[in-house]
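Participant: turn this into a model:
(chains A and B)
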There are 2 protein chains.
Amino acid sequence: MDPKVNTKVILASRPTGYPTEEDFLIVESEIPSLKEGELIVKIDWLSLDPYMRGRMNDARSYAPSVEVGDVMVGGAVGTVVESRTPLFSVDEVVEGNFGWQSYALSSGVGLRRVNPLLGPVRSSIGILGMPGLTAYFGLLDVCQPLAGDTVVISAASGAVGQVVGQIAKIMGCTVIGTAGTDEKVRYIVDELGFDVGINYKNENVGNSLDSACPNGIDIYFDNVGGFVTDEVIKRINTGARIAICGQISQYNLREPELGPRNLFHLTKSQAKMQGFLVFAYEAQYDKALNRISKWIKAGKLKYREDIVEGISNAPKTFIGMLQGENLGKTLIKVS
Amino acid sequence: MDPKVNTKVILASRPTGYPTEEDFLIVESEIPSLKEGELIVKIDWLSLDPYMRGRMNDARSYAPSVEVGDVMVGGAVGTVVESRTPLFSVDEVVEGNFGWQSYALSSGVGLRRVNPLLGPVRSSIGILGMPGLTAYFGLLDVCQPLAGDTVVISAASGAVGQVVGQIAKIMGCTVIGTAGTDEKVRYIVDELGFDVGINYKNENVGNSLDSACPNGIDIYFDNVGGFVTDEVIKRINTGARIAICGQISQYNLREPELGPRNLFHLTKSQAKMQGFLVFAYEAQYDKALNRISKWIKAGKLKYREDIVEGISNAPKTFIGMLQGENLGKTLIKVS
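Facilitator: This is a model prediction of the structure:
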């Protein structure tokens, strides 16, 4: 593609159920011209994340929907190529909500300068960005792990789950992860050091949890929801802490799913269930990124990326991720 | 009945669905004779509470089940009539888990000396006992109310709900209660000063919440569960706090009920849902009781009791309470 053209992925229609490639449209436009106070970023890497599915709906959530005809939202990292603002200079590497496109116009507000000393630039939208920070605060603040706790993580090989499990190991916990393929289960156990991996697609999750967690479950970090979560909640200990990070099993249903009413488990276990968004912790990002970076450099925190080249492959890759085809953090190499 | 005979209500069979009177058996026995280190309490008042339904099941919960043939569990208050322990003397008034009977043998361990200066003796198993303390800690500690918050309470005219709502008013909150009869709705609004009452049996709860809570819901104190809770959860604000105190709508179902999967509301609202048991706060009971007593004496905290005479009426009264026939705290006047 012409490097001087902005290639954008726009929302063509609102999906019901899983999105299809027809719900997206790839269009080209001119790179916008700058006004005073603006800058242009050439996008290098685009992050694909489950939350984006929610933005394709019309329903009110914590952030506005993407309108049909608008560029899909998404975190990305790139290089400032033109600047008419004192906030950022040409050649600086910045991370922000630039969307699914190859060039982005910005006022500079809300952009984060990427520190190349912490890790590769692309990790600023992965383990050293929103997913890594989500894991860090969701586990450490919401779930307050103590050494010896039994921690269960759903979607354990994903961008967030893989980090949660390893931080829980660093904290001295016993860590059990659920994932949807044997390859993912091998990855979290053999490469990341989780104690047990459960393939929720071909195991009886309840039985597997019973044998993996003979002393019950103290912490549950939930990315998935649905029947996996039901089985975990039946097995929580007194004082359990449950972080509701995501519910990917529910995002692509044509009809809302019903599940067993199980809130009394919270009462009898005096347990806490908390939803959270990473943005609440923005004031603590720098400290967390420094700590994550140190753990990576010390070899205590590994991560895998699932990299696909070309912005035009973003829709297909996103749909695949929603269906569990990725292993680790899904990234589009844009340029 | 012969005052020298111990009249006991024992569990005759485990109910499925609502209990019937046939699930209980009233038997008489001799008052047990004392050994060294024991005392006998003549029960004056017995508390009937929704949690007792759970103890009739075989399922593991936070406390053991009542075995078939055993005396039903329950908090009660009475007078020491014989004592061979230095812990308590004859004529002292004590509160404890004495069960559904007219006399109880005890080692004295776990009994609480009732302070008659705080209020009438029977209130030690009501507003100045477990239900009042449950309301106090569930609202103030779990839900952390701030002046201006919108607070919704289910089973709002019950032993716990009526206290929660009034403490929330003392804290400067807007208070909405749900209840199952127009009489209960009038009671919480006209007598207790709740801002709005909703009859969940003959109103569209969602529509009524929409008009009662134009700014959304900050706190939900749940005694009920089921569809009322579903409607509340749809309307929670960012940072909402939900205390799961009880789920009485679910205790008498023959088949477990399914409900909509709605945990993502917690994520998007960064909300906390917490189950709790009052026993966790035992170290703070005295301070709380003093405060509750002061509020009562200042006229800021009213309460209603639903008093039935005679231990043999306990089964019928208990079944009626589970079906919502009580208004306020249900008590049996034993002697």
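Participant: all helices of the stretch 101-250 of chain A, in order?
Facilitator: For the stretch 101-250 of chain A, the helices defined by DSSP state H, counting those that start in this stretch occupy A:130-137, A:161-170, A:182-186, A:205-212, A:226-233.
Participant: tell me the angle of the second one relative to helix A:130-137?
Facilitator: Okay, so that is helix A:161-170. 30 degrees (axes from the mean of the first three to the mean of the last three Cα atoms, to 10 degrees).
Participant: without its sequence neighbours, what residue ends up closest to A:K8?
Facilitator: Using Cβ to Cβ, 6 or more residues apart in numbering or on different chains and skipping the chain neighbours, the partner closest in space to A:K8 is A:Q101 (4.1 Å). The C-beta positions use only the backbone N, C-alpha and C, and glycine is treated the same way.
Participant: just the pLDDT at the one you found, thanks.
Facilitator: Per-residue confidence (pLDDT) for A:Q101: 97.
Participant: quick check: the residue of the stretch 1-150 of chain A nearest chain B.
Facilitator: A:Y62 (4.3 Å; Cβ to the nearest Cβ).
Participant: next one: that residue from B:G119, what distance?
Facilitator: Separation of A:Y62 from B:G119 (Cβ to Cβ, to the nearest Å) stands at 46 Å.
Participant: got it, and A:K42?
Facilitator: Counting by Cβ to Cβ, the gap from A:K42 to B:G119 is 73 Å.
Participant: ok, the two, which is more surrounded?
Facilitator: Remark: of A:K42 and B:G119, B:G119 carries more neighbours, 21 against 18, as counted by other Cβ atoms under 10 Å in any protein chain shown.
Participant: quick check, the more buried one in contact with B:I127.
Facilitator: Yes. Assessed by Cβ atoms under 8 Å, B:G119 is found in contact with B:I127 at 7.4 Å.
Participant: residue numbers of the stretch 51-200 of chain A in contact with chain B?
Facilitator: With Cβ under 8 Å from any Cβ of the partner chain as the criterion, the stretch 51-200 of chain A meets chain B at residues A:S61, A:Y62.
Participant: thinking again about what came up before, surely the residue nearest to A:K8 touches A:V5?
Facilitator: No. Using Cβ under 8 Å, A:Q101 is not in contact with A:V5; the gap is 10.5 Å.
Participant: which one of these two has more residues nearby?
Facilitator: A:Q101 (26 against 13).
Participant: tell me the contacts of the more buried one?
Facilitator: A:Q101 is in contact with A:N6, A:T7, A:K8, A:V9, A:I43, A:V71, A:I311, counting by Cβ atoms under 8 Å, 6 or more residues apart in numbering or on different chains.
Participant: how about the nearest residue to the residue most central in space within chain A, chain neighbours excluded?
Facilitator: The centroid of chain A falls nearest to A:P131 when counting by Cα atoms, centre = their mean (4.3 Å). Leaving aside its chain neighbours, A:P131 sits nearest to A:A159 (3.8 Å; criterion: Cβ to Cβ, 6+ apart).
Participant: ok, that neighbour - contacts?
Facilitator: Taking Cβ under 8 Å, 6+ apart, one finds A:D49, A:G126, A:I127, A:P131, A:G328, A:K329, A:T330 in contact with A:A159.
Participant: nearest to A:G180 among the residues you listed?
Facilitator: Nearest to A:G180 out of the contacts of A:A159 is A:G328 (Cβ to Cβ; 13.4 Å).
Participant: OK, contacts around the closest one?
Facilitator: A:S157, A:G158, A:A159, A:Q162, A:Y187, A:Y303, A:R304, A:E305, A:D306.
Participant: torsion angles phi and psi at the first one?
Facilitator: The phi and psi torsions at A:S157 (degrees, to the nearest 10) take the values phi -100, psi 0.
Participant: ok, the residue nearest to it when sequence neighbours are not counted - how many residues close by?
Facilitator: Leaving aside its sequence neighbours, A:S157 sits nearest to A:K184 (Cβ to Cβ, 6+ apart; 3.9 Å). For A:K184, the count of nearby residues is 24 (other Cβ under 10 Å).
Participant: how close does A:K184 sit to A:N326?
Facilitator: Applying Cβ to Cβ, the value for A:K184 to A:N326 is 9 Å.
Participant: what do you get for A:S123?
Facilitator: 16 Å.
Participant: A:R254 now?
Facilitator: A:R254 sits 23 Å away from A:N326, going by Cβ to Cβ.
Participant: and these two? Which one has more around it.
Facilitator: Taking other Cβ under 10 Å, A:R254 and A:N326 do not tie; A:N326 has more neighbours (22 against 8).
Participant: in chain A, where is pLDDT below threshold?
Facilitator: When residues are selected by pLDDT under 70, those of chain A lie in A:1-3.
Participant: pretty sure A:G206 sits against A:K234.
Facilitator: Yes. Counting by Cβ under 8 Å, A:G206 touches A:K234, with 7.2 Å between them.
Participant: OK, contacts around the residue of chain A positioned farthest from its centre?
Facilitator: Note on chain A: the largest C-alpha distance from the chain mean falls to A:E36, namely 34.3 Å (Cα atoms, centre = their mean). By Cβ under 8 Å, 6+ apart, the contact set of A:E36 is A:R84, A:T85.
Participant: if you set the cut-off to 7 Å instead, what comes out?
Facilitator: A:E36 makes contacts with A:R84, as judged by Cβ atoms under 7 Å, 6 or more residues apart in numbering or on different chains.
Participant: A:I296 too?
Facilitator: A:I296 neighbours (Cβ under 7 Å, 6+ apart): A:G119, A:I127.
Participant: quick one: buried residues of the strand or helix carrying it?
Facilitator: Assessed by DSSP states H and E, A:I296 sits inside helix A:285-297. Using 16 or more other Cβ atoms under 10 Å in any protein chain shown as the test for burial, helix A:285-297 gives A:Y285, A:A288, A:L289, A:I292, A:S293, A:W295, A:I296.
Participant: domain boundaries for chain A, per the record?
Facilitator: A:5-126+A:304-333, A:130-279 (automatic domain parsing).
Participant: would it be right to say that A:L87 lies in a strand?
Facilitator: No. Membership of A:L87 in a strand is not supported by DSSP: H, G, I helix; E, B strand; the rest coil, which gives coil.
Participant: and for the closest residue to it other than its chain neighbours, the neighbour number?
Facilitator: In space, and not counting its chain neighbours, A:L87 is closest to A:G108: 3.6 Å by Cβ to Cβ, 6+ apart. A count of nearby residues for A:G108, using other Cβ under 10 Å, gives 18.
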